[in-house]
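# Prediction below, plus the sequence it came from.
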Amino acid sequence: MRIAVTGSIATDHLMTFPGSFAEVLMPDKLDKVALSFLVDDLEIRRGGVAANISFGLGCLGLRPLLVGSVGGDFSDYRAWLTAHGVDTSGVRQSTTRHTARFVNTTDLHGAHIGSFYAGAMAEDAVIELAPIAEQAGGIDLVLVGAGDPEAMKSFTAQCRRLDIPFATDTSWQVARLDGTDVRTLLDGAQYLFANEYEAALTEQKTGWSAEEIVNRVRVRVTTLGQDGVRVDRAGQQPLMIPAVLAQPKEPTGAGDAFRAGFLAAIASGLGLERGAQLGNLIAACALETVGPQEYEVKPEPLTSRFGATYGSAAADELAVLLNDRP
């Protein structure tokens, strides 16, 4: 199964605030916020929604096709992704802009405040999927990830025109998109990914109930943090999959890691339950490292941890997937 992943490709600057945002943010003064946080740590890591998901898919044995725009500062990042199984032939280089950048500060309770500079990502709307698909020998699924809003709409429209199945992952961009755009992006998707807050915001913006949304996509996947994940399909009882216990260090990229695990299982024919379980496992691995592409996929410890949470039958199936990797 050949998966193309669109969305942001960025460098992450990750900082830690040794206190609580809740203690310094005054609800009655939010319209006049003027704060500066003295942080303890700065970690510079590779990131971006599309690159993070592609990294995870590559580590799990697929050869995902990364699609997006970068700056002239991307050569080292490209080499890193290529070494981890990612096909970067669908990445175009801007002649005027730097690669996108995400700056994020996390407090001691895991709350985080971030800013995102689009850079070259703002040029993604000019990318055509047809020649990329032809060069790749075909695409079975396009994950339309969070990125430039016009590009997200363009990629979705191209998938419909080219009859390529697509998954929708509006992620942090759902806050910026209007209701019409959100409805357009998700209608007819094979998979719709969101966390619990984004899922509620999607319902608010579209004006559609949870049931109506499930009727418009094949599978709705909602991550619930420490409560695991919920998988909804029209006319069927939801799957509620418990989380893999983790000791979080930094939250950036956990959702992207979940999507990588989920789609890797689906691509390997393991089904929705195993997909959600593997997504939870890879998300836990990402949570326990600083940076969204710093975790490692090692068959023995992953299989053991998977079995401890989901049972021996699940572990046996995961072992097959991991041991079949190129």
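Right, received. Where do you want to start? Quick caveat: nothing in here was measured; it's all calculated off a predicted structure.
# where exactly do the strands run in the protein?
3-6, 10-16, 41-47, 65-70, 87-93, 100-106, 112-117, 141-145, 166-169, 191-195, 219-223, 229-232, 239-241 (DSSP state E).
# of all those strands, which lies closest to residue 34?
For the strands of the chain, proximity to residue 34 was assessed by CB to CB; strand 112-117 is nearest, at 13.9 Å. C-beta: built from backbone N, CA, C; applies to glycine.
# That closest one packs against which elements?
Applying 3 or more CB pairs under 8 Å, 6 or more residues apart in numbering; DSSP states H and E, one finds that strand 112-117 makes contact with strand 100-106.
# Which elements pack onto the strand it packs on?
In this structure, strand 100-106 makes packing contacts with strand 10-16, strand 112-117, judged by 3+ CB pairs under 8 Å, 6+ apart.
# just the ones you listed: most buried one?
Between the helices and strands packed on strand 100-106, the one whose residues have the most neighbours on average, counting mean count of other CB atoms under 10 Å, is strand 10-16 (a mean of 23).
# Spell out which strands sit alongside that strand in the sheet and which way each one runs.
Each strand pairing with strand 10-16, determined using DSSP bridges, is listed with its direction: strand 41-47 (antiparallel), strand 100-106 (parallel).
# In TSV, list the strands of the chain along with mean pLDDT and distance to residue 153.
Conversion of those to TSV gives the following (pLDDT from 0 to 100; distance: least, CB to CB, whole Å):
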stretch	mean pLDDT	distance to residue 153
strand 3-6	98	11
strand 10-16	88	20
strand 41-47	88	23
strand 65-70	98	15
strand 87-93	97	18
strand 100-106	89	18
strand 112-117	86	18
strand 141-145	98	9
strand 166-169	98	11
strand 191-195	97	16
strand 219-223	98	20
strand 229-232	98	24
strand 239-241	97	30
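# can you tell me which residue is nearest the centre of this structure?
residue 256 (2.7 Å; CA atoms, centre = their mean).
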